[in-house]
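Undergrad: output the structure for:
(2 chains)
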Protein chains: 2
Amino acid sequence: MSGWVKIAGLGPGDEALVTPEVTAALADATDVVGYIPYVARVAEREGLTLHASDNRVEIDRSQHALQMASEGKRVVVVSSGDPGVFAMAAAVFEALENGPVAWRELQIDVLPGITAMLAASARAGAPMGHDFCTINLSDNLKPWSLIEKRLRLAAQADFSMAFYNPRSKSRPEGFVKTLEILREECEPDRLILFARAVSRADEAIRISTLAEATPEMADMQTVVIVGSSRTRMIERDGAPIVYTPRFTPDEDQ
Amino acid sequence: MSGWVKIAGLGPGDEALVTPEVTAALADATDVVGYIPYVARVAEREGLTLHASDNRVEIDRSQHALQMASEGKRVVVVSSGDPGVFAMAAAVFEALENGPVAWRELQIDVLPGITAMLAASARAGAPMGHDFCTINLSDNLKPWSLIEKRLRLAAQADFSMAFYNPRSKSRPEGFVKTLEILREECEPDRLILFARAVSRADEAIRISTLAEATPEMADMQTVVIVGSSRTRMIERDGAPIVYTPRFTPDEDQ
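TA: Numbering: from 1, shown residues only, chains lettered A, B, ... in the order given. Below you'll find the model as predicted:
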């Protein structure tokens, strides 16, 4: 089979954050598959067919990509950010595992991209400059009890935390509960960042504390970063800088 | 002041993984500062001065960069991977916070890059396709007791885990202890990946299980990824694919 699938990360939005590897894959593709707003970022050209589909059809889209590749097409599956972070890579492999055995002979590559939390972290300073964790707050695909357990253990581990999909229109109560759990586990002046549409024209970064944060500060376009207990803020004339120092003292000494 | 500092991520090694934003910053710089092997990746040109320094002088290097910028230079501080993940961004902000107040007027930007764990994850499939955490196993800058605490809580949270700096020549016992802790907390067939020199000529990816993993499988060039309890392997003729499904069932139902 001469077809292939490349699962590519387009980064958070700015074209200057798309890797040359991804640009080259798009230039060589016959077909591009993905969620409507991500496919819209790919320039049309002769010989390239764009297949945009709605949200929540990740497995259908993956099967379509694998099927086209098995017919000899060169298919790029586009994700925002990095395809391995709450994006299309896991969906394609799920479709592969449950699909025809012949699909396993296909060349399938994942092309990494700049994931939203690291673009957001860069914009704010270095809030994830030490150990951290990354949690998808959507309970579409996992029980809320698991999210709550992870939040409490992550707070007890004193990780910086990044949250994807913090607040959907249909289930806004999840992020309300998240803030309540964090207030039980962490001190009130813990820093929390709301990074919306990072690297895009409507980018907005807001720095708050757990005591002052409200659920409305987040939406589905927002990545939320909660600092560790050691995360600090440097005040200056422009936007303050938030960072987590590299050094943690031994509290027993 | 017309000078600036950009703290830039060069990605894991392959030039095709360097973002155009970083390439443009290097083209506009008067000075590049960094650890010797990372500065060696920057092409020499007229008008650009390269300042390579040894490991473990991150604060000296940061002060040097800030001082040059305050004198009007356009300085790029280079990191491998992403500057916000166990790299130079936190060091520069530490130097900024403790340095002359005038430095706070400087333009300082962090330019994100492809961090090693996401390049490694992409190469293996999507082992971090669900909630995960990222831990620096070096105890140079934090007590071992904190690393152990984080490892146990992360295992109890059933995160996939990525480890940076797993095993230094001078302190190889840390990774021995890490494997012991993980064997206490996780089942023996838990998948563990050793990704060495990802995207470089000597890249090597090794898939193992906690029962079969040995400390010698890691060195300081290796990123280690431990799957969650749900991480799976797809066998095929070529390299197997390791991925973590997006869906977690509710065990109470």
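
Undergrad: contacts and neighbour counts: CA atoms only from here.
TA: Fine.

Undergrad: in chain A, which residue sits nearest chain B?
TA: With distances taken as Cα to the nearest Cα, chain A approaches chain B most closely at A:Cys133, which sits 3.8 Å away.

Undergrad: can you give me the strands for the stretch 51-200 of chain A?
TA: In the stretch 51-200 of chain A, the strands defined using DSSP state E, counting those that start in this stretch lie at A:74-79, A:107-111, A:125-126, A:132-136, A:160-164, A:191-196.

Undergrad: so can I have TSV of those strands showing mean neighbour count and mean pLDDT?
TA: TSV is the format used below for the strands of the stretch 51-200 of chain A (neighbours: other Cα atoms under 10 Å in any protein chain shown; pLDDT from 0 to 100):
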stretch	mean neighbour count	mean pLDDT
strand A:74-79	28	98
strand A:107-111	22	98
strand A:125-126	28	98
strand A:132-136	24	97
strand A:160-164	24	98
strand A:191-196	25	98
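
Undergrad: format those as TSV; extra columns: distance to B:Glu15.
TA: Written out in TSV, the entries for the strands of the stretch 51-200 of chain A read as follows (distance: least, Cα to Cα, whole Å):
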stretch	distance to B:Glu15
strand A:74-79	21
strand A:107-111	13
strand A:125-126	24
strand A:132-136	27
strand A:160-164	28
strand A:191-196	29
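
Undergrad: how about the ones you listed, which one is nearest B:Ala122?
TA: Of all these, strand A:107-111 sits nearest to B:Ala122, with 4.9 Å by Cα to Cα.

Undergrad: can you check what angle separates that closest one from strand A:74-79?
TA: Orientation of strand A:107-111 against strand A:74-79 (axes from the mean of the first three to the mean of the last three Cα atoms, to 10 degrees) gives an angle of 30 degrees.

Undergrad: what's in contact with strand A:107-111?
TA: With contact meaning Cα atoms under 8 Å, 6 or more residues apart in numbering or on different chains, strand A:107-111 is reached by A:3-9, A:21-22, A:82-84, A:89, B:119, B:122-123, B:125.

Undergrad: strand partners of that strand, parallel vs antiparallel please.
TA: Looking at strand A:107-111 with DSSP bridges, its partner strands are strand A:4-9 (parallel).

Undergrad: now the strand it pairs with: mean pLDDT?
TA: Looking at strand A:4-9 alone, the average pLDDT works out to 98.

Undergrad: what's the spacing between A:Gly113 and B:Arg183?
TA: Distance, A:Gly113 to B:Arg183, by Cα to Cα, to the nearest Å: 32 Å.

Undergrad: which one's more surrounded, the two?
TA: Neighbours per residue, other Cα atoms under 10 Å in any protein chain shown: of A:Gly113 and B:Arg183, the larger number sits with A:Gly113, 31 against 15.

Undergrad: close enough to count as contact, the more buried one and A:Ala87?
TA: No. Contact status for A:Gly113 versus A:Ala87: not in contact, 11.0 Å apart, counting by Cα atoms under 8 Å.

Undergrad: what ranges does the stretch 1-150 of chain A have for its helices?
TA: With DSSP state H, counting those that start in this stretch applied, the stretch 1-150 of chain A shows helices at A:20-28, A:36-39, A:58-70, A:88-98, A:116-124, A:144-156, listed in chain order.

Undergrad: what residues does the stretch 151-253 of chain A put near chain B?
TA: Proximity of the stretch 151-253 of chain A to chain B is assessed by Cα under 8 Å from any Cα of the partner chain, with A:153-154, A:156-158, A:234, A:236-238, A:241, A:243-250 identified as the residues in range.

Undergrad: pull the number of nearby residues for the closest residue to A:Ala157 other than its chain neighbours.
TA: Spatial nearest neighbour of A:Ala157, excluding adjacent residues (Cα to Cα, 6 or more residues apart in numbering or on different chains): B:Arg150 at 5.1 Å. Taking other Cα under 10 Å as the criterion, the count of residues near B:Arg150 is 23.

Undergrad: any figure for the gap between B:Arg150 and B:Ala120?
TA: From B:Arg150 over to B:Ala120 (counting by Cα to Cα), the distance is 22 Å.

Undergrad: I figured the residue nearest to A:Ala157 hits A:Ser160, correct?
TA: No. Counting by Cα under 8 Å, B:Arg150 sits too far from A:Ser160 to count as a contact (11.7 Å).

Undergrad: shared neighbours of the two, anything?
TA: With Cα under 8 Å, 6+ apart as the test, B:Arg150 and A:Ser160 reach no residue in common.

Undergrad: and stretch A:205-224, how far out from the chain's middle?
TA: How far stretch A:205-224 lies from its chain's middle: 16 Å, per Cα atoms, centre = their mean, to the nearest Å.

Undergrad: show residues contacting it.
TA: Outside stretch A:205-224, the residues that touch it by Cα under 8 Å, 6+ apart are A:116-117, A:120, A:124, A:162-169, A:175-176, A:179, A:182-183, A:187-198.

Undergrad: picking that back up, just the helices of the stretch 1-150 of chain A: most buried one?
TA: Between those, the one whose residues have the most neighbours on average, counting mean count of other Cα atoms under 10 Å in any protein chain shown, is helix A:116-124 (a mean of 26).

Undergrad: can you tell me if stretch A:47-64 touches chain B.
TA: No. Judged by Cα under 8 Å from any Cα, stretch A:47-64 makes no contact with chain B; its nearest approach is 10.6 Å.

Undergrad: return the alpha-carbon coordinates of that stretch using PDB.
TA: Below are the C-alpha coordinates for stretch A:47-64, written out as PDB (Å, rounded to 0.1, in the frame of the first residue of the first chain):
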ATOM      1  CA  GLY A  47      -5.100  18.000  -5.900                       C
ATOM      2  CA  LEU A  48      -6.000  18.400  -2.300                       C
ATOM      3  CA  THR A  49      -9.500  17.400  -1.000                       C
ATOM      4  CA  LEU A  50     -10.600  18.800   2.300                       C
ATOM      5  CA  HIS A  51     -13.000  16.700   4.400                       C
ATOM      6  CA  ALA A  52     -14.300  18.800   7.300                       C
ATOM      7  CA  SER A  53     -16.500  17.100   9.900                       C
ATOM      8  CA  ASP A  54     -18.300  18.100  13.000                       C
ATOM      9  CA  ASN A  55     -17.200  17.600  16.600                       C
ATOM     10  CA  ARG A  56     -17.800  14.300  18.300                       C
ATOM     11  CA  VAL A  57     -17.400  12.100  15.200                       C
ATOM     12  CA  GLU A  58     -13.700  11.300  15.900                       C
ATOM     13  CA  ILE A  59     -14.100   7.600  15.300                       C
ATOM     14  CA  ASP A  60     -16.000   8.000  12.000                       C
ATOM     15  CA  ARG A  61     -13.400  10.500  10.800                       C
ATOM     16  CA  SER A  62     -10.500   8.200  11.800                       C
ATOM     17  CA  GLN A  63     -12.100   5.200   9.900                       C
ATOM     18  CA  HIS A  64     -12.500   7.500   6.900                       C
END
